[in-house]
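A.B. asks: got a predicted model here, sequence first, then my questions.
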Amino acid sequence: MRPAPPVPATDDRENLWHVAIAPDDIKVLTLEKLDDLFRLDVIDESTKIWKPGMATWQPLGVVAGLDSDPPAESARAPASTARRGPPPPPSPPPRNMDSDHPTPVVSSLSSMFPFSPTMPIGELDSSPHLVTRTEVQAPPAAMLAASRPTPPPGMPDMRAPLLMIQPAEAVEAPPRARPRDTGRAQRLMLALSVVTGLMMTLYRNDVLLDAARSAGREGVYQKIETALGGPGFGTPRSIEPLRAPAEPAPTK
């Protein structure tokens, strides 16, 4: 890191701090300006600072007491064997640089820099007036989990269909299959009954006799009629003798 630009010698030179905001941006600020930049999150604990009387550039967190472990010891520790602690809490959202009343991260850096001509920098670590961020700790995750209300147990879904209790006979007895031949036989018997009734009607009215005469089969029809019997009373043939003219009485 290149040294800061030269600063004119003044009486307050010991109160000026060289702040490396960027590798190519080194500013000389007073303690009040340094406090404002820290509260506005322009700089943080890892920003390197230097002032006359210091051997090398040091991080702001080490100089202000915010970082208890010096960077030299952390650099010597191997990264592969070092155990990582719990993850740090999420960083706060960025705030507007033009805010009139920014929320300070700490109460003030003025109390963290009790510099005076009679107090050397080496006594900062033992100063009782330093305020560190380790004093305010977030509650552990176990306490947060215990403080959360337990959700009530879920209610059963009333939309599920209710099971209807059926008698044992209805469950055990399989449905009886209706034989197909039964319906077919019934339809056949009905058709035969209709045909038989129609034939008897035609036979009693001598319609079949007229058909046999027209076809020249009257002799065959007479044989069938002899085997089955005549139409009987009430047919046209049975009333033919009644229509015949009466024979004249013999004269005396």
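C.D. replies: Right, received. Where do you want to start?
A.B. asks: part of a helix, is I224?
C.D. replies: Yes. Assigned with DSSP: H, G, I helix; E, B strand; the rest coil, I224 falls within a helix.
A.B. asks: mind pulling up the pLDDT for it?
C.D. replies: Note for I224: predicted pLDDT of 79.
A.B. asks: quick check: the gap between it and M199.
C.D. replies: Shown here: I224 relative to M199, a distance of 12 Å by C-beta to C-beta, to the nearest Å. C-beta here means a position set from N, CA and C on the backbone, and glycine is covered the same way.
A.B. asks: max-length helix in this structure?
C.D. replies: Counting by DSSP state H, the longest helix found in the chain is helix 180-204.
A.B. asks: which element follows that helix toward the C-terminus?
C.D. replies: helix 207-214 (DSSP states H and E).
A.B. asks: which elements pack onto that next one?
C.D. replies: Judged by 3 or more C-beta pairs under 8 Å, 6 or more residues apart in numbering; DSSP states H and E, the packing partners of helix 207-214 are helix 218-228.
A.B. asks: between the helix it packs on and helix 207-214, how many degrees?
C.D. replies: Taking axes from the mean of the first three to the mean of the last three C-alpha atoms, to 10 degrees, one finds helix 218-228 and helix 207-214 inclined to each other by 150 degrees.
A.B. asks: so which bits of helix 218-228 are buried?
C.D. replies: Y221 (16 or more other C-beta atoms under 10 Å).
A.B. asks: what of stretch 17-34?
C.D. replies: W17, H18, V19, A20, I26, K27, V28, L29, L31, L34.
A.B. asks: quick check: mean pLDDT across it?
C.D. replies: For stretch 17-34, mean pLDDT rounds to 87.
A.B. asks: put the alpha carbons of it into CSV.
C.D. replies: Taking C-alpha atoms only, stretch 17-34 is exported to CSV below (Å, rounded to 0.1, in the frame of the first residue of the first chain):
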residue,chain,number,x,y,z
TRP,A,17,-5.8,9.7,10.6
HIS,A,18,-4.7,8.4,7.3
VAL,A,19,-7.6,6.2,6.0
ALA,A,20,-7.2,3.8,3.0
ILE,A,21,-10.7,3.9,1.7
ALA,A,22,-9.5,2.2,-1.5
PRO,A,23,-6.0,1.1,-2.7
ASP,A,24,-5.7,4.3,-4.7
ASP,A,25,-7.8,6.5,-2.4
ILE,A,26,-6.1,7.6,0.9
LYS,A,27,-7.7,10.3,2.9
VAL,A,28,-6.5,12.2,5.9
LEU,A,29,-9.4,12.7,8.3
THR,A,30,-10.1,13.8,11.8
LEU,A,31,-11.5,11.5,14.4
GLU,A,32,-15.0,13.0,14.0
LYS,A,33,-14.9,12.4,10.2
LEU,A,34,-13.6,8.9,10.8
